[in-house]
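In: One predicted model, sequence on top.
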Amino acid sequence: MNKYRTHKCNELRKEDVDKKISLSGWINKKRDHGNLLFIDLRDNYGITQCIIDKDNKYFSELEKMQLETVIKVEGKVVNRSKETINSEIDTGEIEVVIEKHEILGTCKELPMPVFSDQEYAEEIRLKYRFLDLRRKKIHENIILRSKVISYIRNEMTKLGFLEFQTPILTSSSPEGARDFLVPSRLNPGKFYALPQAPQQFKQLIMVSGFDRYFQIAPCFRDEDARADRSPGEFYQLDLEMSFVEQEDVFNVVEKLMVNTFKNFSTKKLMFDKFPKISYKEAMLKYGTDKPDLRNPLIVNDITEIFTREDVSFEIFKKLVKSGSKVRCIVTKNTKDKPRSFFDNIDKWAKEEGASGLAYFTFEKDKDISAKGPIGKFFSQDALAEIMKKTNCEIGDKCILEKLKIDLNLRPQNLSFETYYKLALEYEKLRS
RNA sequence: GGGGGUGUAGCUCAGUUGGUUAGAGCGAUCGCCUGUCACGCGAUAGGUCGAGGGUUCGAGUCCCUUCACUCCCGCCA
């Protein structure tokens, strides 16, 4: 029998009642009732409630024990009464009556609590990384990553790919990002680069006649961090295939990604197959080559409106006559936004080099009308036509940019400003 | 490299217009409590208010310098 445990902390069930068992783990939480003490014992797998009362000679010793002390407990599995069942944990129908215990590892006062959902600054989390990694969510994330990587390896192997390793010290390769450099001892004044991607090596593998390559490769890039982008190092699935066309590559990646998310996420997938959007279409319709299709922002071309007799917005009409386009975005449910919100966007747009924004809100009393600085230039029919073209509703706001700028409604994960900037970039690309 | 934000107890944070002794929750220590699962109740300890300088009768609070962290821009497959 194993010296430390007969079971893991997620294993015991009703069927184990009356068994003599032993568990080893960390004291996750204590609830001390004075003459009765509950100890939640935690290991990698789960939590088991252990209980001891004052008749046991170890009571006072356990009562004083710090959270996160590592102990082995021996005892008997008992049923919990109906009212005291805890459905939150796997072992919630039973508890372990402690008969004996042994301290396997003591600890000092904790610099940060393990049992807590509180957010902590990165600084403190990294300083006490071993405690951070014990916390439920982080611990689960690490386990998830392990499982995902293992799954991907397995799938790639099944698809006939061979996994390769490539050197970490190399010479610089011509990707865009700055390289991390490592001084060379044997060649003073010269440096190795850490690979941003194993480009050269995988090409070597491919020309050597290995048919399908993959590697879950560390990628080093000496670029500044962002909230969603760790500095320095991350991992990517890198793959190469011989004697294939674009569709063959798509098929592998699409299947792998969809299946990975189906297996490991509870979130609903919008697509079983990746929607395919050409670069040109994406830039025209969304103003970016990575549109957020959960909340797509459509750039509408309403140039035609400015050829109508019943539209009197002369500046735009003139420009349209000389070949300019007018595009607009619709911002949903913005009728209650204060004037200052749009003034700020307008100000920002000007700072970014635009000539300014025009906007109005669609309203309906008896007739459709447009409220806003330029609203008065449009007839009811013209407004109805814009609504039809842009698929917008009463209460939405229509933001126009003459000439050069395409705008989009802000998706959830991008600021309006960022999105606007992308639109500007798009225009640069086109001109 | 540029801009913004933050820095107060071990942790998370509050602190009014510059005004007496800088607070709370969690954690720690001590005491009480036999059915909790964020157990409960009471008490105690714990502070260079990031650091340095300045203004002021008086600075956690205002100003300057500096450091750290963080977010954004630049940069980045």
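Out: Happy to help now that I have it. Numbering: from 1, shown residues only, chains lettered A, B, ... in the order given.
In: of all of chain A, which residue lies closest to RNA strand B?
Out: A:G34 (2.1 Å; C-beta to the nearest atom of the strand). Every C-beta, even on glycine, is put in place using the N, C-alpha and C of the backbone.
In: show me what contacts that residue?
Out: Counting by C-beta atoms under 8 Å, 6 or more residues apart in numbering, A:G34 makes contact with A:K54.
In: What distance do you get for it to A:V97?
Out: Taking C-beta to C-beta, to the nearest Å as the measure, A:G34 falls 18 Å from A:V97.
In: Show me where the stretch 101-250 of chain A has its helices.
Out: A:122-127, A:129-132, A:136-158, A:199-207, A:246-264 (DSSP state H, counting those that start in this stretch).
In: CA atoms only: put the second one into PDB for me.
Out: When you say that, I think you mean helix A:129-132. Output of helix A:129-132 as PDB, limited to C-alpha atoms (Å, rounded to 0.1, in the frame of the first residue of the first chain):
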ATOM      1  CA  ARG A 129       4.100  31.700  -8.200                       C
ATOM      2  CA  PHE A 130       3.900  28.400  -6.300                       C
ATOM      3  CA  LEU A 131       1.000  29.700  -4.300                       C
ATOM      4  CA  ASP A 132      -0.700  31.200  -7.400                       C
END
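In: if you compare the helices of the stretch 101-250 of chain A, which one is most tucked away?
Out: Among the helices of the stretch 101-250 of chain A, helix A:199-207 has the highest mean neighbour count (mean count of other C-beta atoms under 10 Å), at a mean of 15.
In: and that one, what does it pack onto?
Out: On a contact count with 3 or more C-beta pairs under 8 Å, 6 or more residues apart in numbering; DSSP states H and E, helix A:199-207 meets strand A:212-221, strand A:232-241.
In: got JSON lines for those, with mean pLDDT, distance to A:E93 and mean neighbour count too?
Out: Below are the helices and strands packed on helix A:199-207 laid out as JSON lines (pLDDT from 0 to 100; distance: least, C-beta to C-beta, whole Å; neighbours: other C-beta atoms under 10 Å):
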{"stretch": "strand A:212-221", "mean pLDDT": "92", "distance to A:E93": "40", "mean neighbour count": "20"}
{"stretch": "strand A:232-241", "mean pLDDT": "88", "distance to A:E93": "40", "mean neighbour count": "15"}
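In: need these in JSON lines with distance to A:S173, can you?
Out: Below are the helices and strands packed on helix A:199-207 laid out as JSON lines (distance: least, C-beta to C-beta, whole Å):
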{"stretch": "strand A:212-221", "distance to A:S173": "11"}
{"stretch": "strand A:232-241", "distance to A:S173": "13"}
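In: Could you export those as TSV, including distance to RNA strand B?
Out: Formatted as TSV, the helices and strands packed on helix A:199-207 follow (distance: least, C-beta to the nearest atom of the strand, whole Å):
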stretch	distance to RNA strand B
strand A:212-221	5
strand A:232-241	8
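In: which residues touch A:K202?
Out: Applying C-beta under 8 Å, 6+ apart, we find A:K202 in contact with A:164, A:166, A:213, A:215, A:238, A:240.
In: hmm, try it at 6 Å
Out: Neighbouring residues of A:K202 by C-beta atoms under 6 Å, 6 or more residues apart in numbering: A:213, A:240.
In: just the one 4 residues further on next, same as before
Out: Neighbouring residues of A:M206 by C-beta under 6 Å, 6+ apart: A:E240.
In: ok, now with 10 Å
Out: A:212-213, A:240-242 (C-beta atoms under 10 Å, 6 or more residues apart in numbering).
In: Farthest-apart pair in the residues you listed, please.
Out: Largest separation among the contacts of A:M206 by C-beta to C-beta: A:Y213 and A:S242, giving 8.9 Å.
In: quick one: low-confidence ranges for chain A?
Out: A:283, A:287-289, A:295-297, A:323-324, A:331-358, A:365-367, A:369-373, A:393-431 (pLDDT under 70).
In: Nearest the middle, which residue of it would you pick?
Out: By C-alpha atoms, centre = their mean, chain A has its centre lying nearest to A:D228, at 7.4 Å.
In: Counting neighbours, what do you get for A:A197?
Out: Neighbours of A:A197 under the rule other C-beta atoms under 10 Å: 19.
In: and it, backbone torsions?
Out: Backbone torsions for A:A197, taken as degrees, to the nearest 10, come to phi -160, psi 150.
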